[in-house]
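K.L.:
my questions are about this predicted structure, shown below with the sequence.
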Amino acid sequence: MAGFSGPVYVKSGFSNPDARSLSETERAAAGMLGFSEEQFRRIKFEYLQTEEQRRERGKALGGLVQEVMQELGQPYQVNSVTWSGNTLSWKLEIGTPQGAHNVVLPWTFVDDVLDSRTATEIRRLRNMVLFGLGRRDLIFEGRK
């Protein structure tokens, strides 16, 4: 798999990324929610671990899509991968000869691809990315 070294953005739910310490706001939130500081620290730690796992999945997605971009040649490349917690989707910013384009993929689809990594799922990913880039001509190229 081609390595993806570009940025993966996963917005944190915490302003303080240190799971061992709590800000005053986090202490107040813990109290309002009925958690002890230790319970809240544990919840925060688990949440931050989930964010890190999501970053790793974004990096894996970027690597798979970069392989598709290699098929298209230069200057197609994955510039960044962004997780949207609001829409539960991944946004890929892809550099093309016409400039940067965004391709948005639903999390359920991305999970299917990353969890199975079968040829069929990777082909579906390829087709979704090509469609998103307006390169429909390449999707059915071999079926004529």
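P.N.:
That came in fine, so what should we check first?
K.L.:
residue contacts, the closest residue to residue 48 other than its chain neighbours?
P.N.:
Setting aside the residues directly before and after it, residue 48 is nearest to residue 19 in space (Cβ to Cβ, 6 or more residues apart in numbering), at 5.2 Å. Using the backbone N, CA and C atoms, a C-beta is placed for each residue, glycine as well. Shown here is residue 19, whose contacts under the criterion Cβ atoms under 8 Å, 6 or more residues apart in numbering are 41, 44, 45, 48.
K.L.:
A helix includes the first one, no?
P.N.:
It refers to residue 41. Yes - looking at residue 41 with DSSP: H, G, I helix; E, B strand; the rest coil, it is inside a helix.
K.L.:
picking up where we left off before, among the contacts of residue 19, who's most crowded?
P.N.:
Highest neighbour count within those: residue 44, with 22 neighbours (other Cβ atoms under 10 Å).
K.L.:
which other residues reach the helix or strand of the chain with the lowest mean pLDDT?
P.N.:
The helix or strand with the lowest mean pLDDT-type score in the chain, counting by mean pLDDT, DSSP states H and E, is helix 136-139 (a mean of 87). Applying Cβ under 8 Å, 6+ apart, the external contacts of helix 136-139 come out as 72, 127, 130, 131.
K.L.:
what separation do you get for the residue nearest to the spatial centre of the chain and residue 105?
P.N.:
The C-alpha lying nearest the average C-alpha coordinate of the chain belongs to residue 58 (Cα atoms, centre = their mean; 3.3 Å). Summarising the geometry, the distance separating residue 58 from residue 105, computed by Cβ to Cβ, to the nearest Å, is 11 Å.
K.L.:
buried subset of the contacts of helix 136-139, written for ChimeraX?
P.N.:
Listed next is the ChimeraX selection for buried residues among the contacts of helix 136-139, using 16 or more other Cβ atoms under 10 Å:
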select :72,127,130
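K.L.:
for stretch 37-50, the averaged confidence score.
P.N.:
When the per-residue pLDDT values of stretch 37-50 are averaged, the result is 95.
K.L.:
so how far is that stretch from its chain's centroid?
P.N.:
22 Å (Cα atoms, centre = their mean, to the nearest Å).
K.L.:
list the buried residues for that stretch?
P.N.:
For stretch 37-50, the neighbour count (16+ other Cβ under 10 Å) marks 40, 41, 44, 48 as buried.
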